[in-house]
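> after the sequence you'll find the predicted model.
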Amino acid sequence: MAQRTLQRVIASVAASDGAGVKLRRSLGAGPFARHDPFLMLDEFYSDDPDDYLAGFPSHPHRGFETVTYMLDGHMQHQDSGGNTGDLGPGDVQWMTAARGIVHSEMPQQSAGRMRGFQLWLNLPAKEKMKPAAYCDIPSAAIPVVDAGGGAAVKVIAGSLEHAGRSTRGPIHGLSTDPRYFDVVLPAGASLELRLPVGHNAFLYAYEGGAAVGAERKALPHRAAGVLSDGDAVRIEAGAAGARVLLLAGRPIGEPVVQYGPFVMNTREEIEQAIADYQSGALATQPVARIPLS
Ligand code: FE2
């Protein structure tokens, strides 16, 4: 099988979500900017509290999963199942909204840097109405693979095969079989990482820029890069070094109908989601807290 190449660059655009949190949206900036099973990737990054203090007050989700990865700052989440949890630097929340959840995600700081990502990962039709669940993953539970020469890969989801060893992240066993890696490369360093053939994959350069594949195609800073199929990808940091998210997942191949925080297969299912939210039924669904395995 071949090395993956950079097929398409999706520049991030300034966006605002929640009660006015400023962010950069790459994947999900439009209906043609998705990459099945990935629906959206938002980066929030600001040193100005006015950009984030309003947070994400109570709002619903149905039909997919949200993954929040904090780099800097402190966020607290509360949900309609009565759960609450804190996310600090390096922590991850993997939330399977599925049948439905109403939750809030609010900053727990009034100064300093708030930085992180929210990824939306779709669910297949047969799982869109399963019970909601979430897992809080502390930074210390996320393995970091030393790739040599100052390069490192944090393994948030799926397994990383590198240098003859397999390292499994805390999230695994999902039907989309996601890989979520955070790759740190020093200036000029390069790294080749294996990926499953047939998985859709993309990169997001959140510090510096990178050159991708044997052709060394440019992935600009704060842009998503959609990859071709293949069994490996080569990432090379620019002169300033790079930090890059690498995401891969098994495509679902079903119709996507999205209305804000609801992502279903048909318009009728969206109308049902809206009706369930308006009647309060969405907020009375159980939400299971999944322990780390
Ligand atoms: Fe949310």
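Received the coordinates, thanks.
> low-confidence stretches in the protein?
Counting by pLDDT under 70, the chain shows low-confidence ranges at 1.
> residue nearest the centroid of it?
Centroid check for the chain by C-alpha atoms, centre = their mean gives residue 119 as the closest residue, at 2.7 Å.
> isn't residue 255 right up against residue 263?
No - contact between residue 255 and residue 263 fails when scored by C-beta atoms under 8 Å: they sit 10.7 Å apart. C-beta here means a position set from N, CA and C on the backbone, and glycine is covered the same way.
> more neighbours: which of these two?
Neighbours were counted for residue 255 and for residue 263 using other C-beta atoms under 10 Å; residue 263 has more, 26 against 10.
> could you find the closest non-adjacent residue to residue 66?
Leaving aside its chain neighbours, residue 66 sits nearest to residue 95 (4.8 Å; criterion: C-beta to C-beta, 6 or more residues apart in numbering).
> can I assume the one you found sits in a strand?
Yes - counting by DSSP: H, G, I helix; E, B strand; the rest coil, residue 95 is part of a strand.
> if we can go back for a sec, quick one: strands adjacent to the helix or strand containing the residue nearest to the centre of the chain?
For residue 119, the host element (DSSP states H and E) is strand 114-122. For strand 114-122, the paired strands and their directions (DSSP bridges) read strand 38-46 (antiparallel), strand 64-72 (antiparallel).
> which other residues reach that strand?
Residues outside strand 114-122 that contact it (C-beta atoms under 8 Å, 6 or more residues apart in numbering) are 28, 36-46, 49, 51-52, 63-73, 75, 87, 107, 176, 178, 180, 204, 206, 245, 247, 249, 252, 256, 263.
> from those, list the buried ones, please.
Neighbour-count burial (16 or more other C-beta atoms under 10 Å) applied to those gives 28, 37-46, 51-52, 63-73, 75, 87, 107, 176, 178, 180, 204, 206, 245, 247, 249, 252, 256, 263.
> mind checking how far stretch 17-24 is from the chain centre?
Between the centre of stretch 17-24 and the centre of its chain there are 16 Å (C-alpha atoms, centre = their mean, to the nearest Å).
> buried residues, that stretch. List them.
For stretch 17-24, the neighbour count (16+ other C-beta under 10 Å) marks 17-18, 21-24 as buried.
> same check on stretch 118-131?
Applying a neighbour-count criterion of 16+ other C-beta under 10 Å, one finds 118-123, 127-129 buried in stretch 118-131.
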